[in-house]
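[1] let's see this in three dimensions:
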Amino acid sequence: MQSEPKSILYVDDEPINLELFKINFRNDYKVITATSAQKGIEIVEKENISVIISDLKMPEMNGIEFIEYIKSNSPEKVCILLTAYIESDVMLKAINQELIFRYITKPWKKDDVKNVIELAFDKFNASIAKRINN
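    I've put the predicted structure just below:
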């Protein structure tokens with residue numbers, strides 16, 4: 001019996017980034033994409049998503065605001081920030097508040113991203129197991 005592939009939501013306002021991510025990881029995960037934070041929120045409310053990857057710089061709602069919203073409603077979700085811009089104050093705050101699990105800088109390498117994703121799924125599974133056992 002084949003198990004359901006692990007689902008990832010990737011949110012980025014640039015369609016080319018979404019397509020490249022999908023192409024790179026389509027054989028490893030069920031990759032769901034959204035071109036805005038609002039669309040990402042709609043997907044999270046409907047789909048069974050454990051790991052969420054978000055771009056930092058997006059119009060209307062940036063990646064940190066998006067992740068804050070997700071974590072306030074689903075604290076068990078594991079969120080990763082993907083960014084071309086290193087904003088140490090913003091990222092440090094997000095890490096200290098345990099909003100993001102890791103951040104990845106663009107351009108990224110597939111193996112590096114896959115390792116972080118696998119660690120994120122491990123973290124998600126451990127938090128679910130801990131909650132069940134308590």
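
[2] and Ile32, how many neighbours?
    19 (other CB atoms under 10 Å). (Each C-beta comes from the backbone N, C-alpha and C, glycine too.)

[3] give me the three-state assignment for it.
    State at Ile32, reduced to three classes by DSSP: H, G, I helix; E, B strand; the rest coil: strand.

[4] distance of it relative to Ile53?
    11 Å (CB to CB, to the nearest Å).

[5] same check on Ile43?
    Going from Ile43 to Ile53 by CB to CB gives 12 Å.

[6] give me the contacts around the lowest-mean-pLDDT helix or strand in the chain.
    Across the helices and strands of the chain, mean pLDDT, DSSP states H and E gives its lowest value to helix 88-96, namely a mean of 73. Helix 88-96 is contacted from outside by Leu56, Ile64, Ile67, Leu81, Ile100, Tyr103, using CB atoms under 8 Å, 6 or more residues apart in numbering.

[7] among these, which one has the lowest pLDDT?
    Lowest pLDDT among these: Tyr103, with 88.

[8] what about the longest helix seen in the chain, average pLDDT?
    Counting by DSSP state H, the longest helix found in the chain is helix 110-133. Here helix 110-133 scores 91 as its mean pLDDT.
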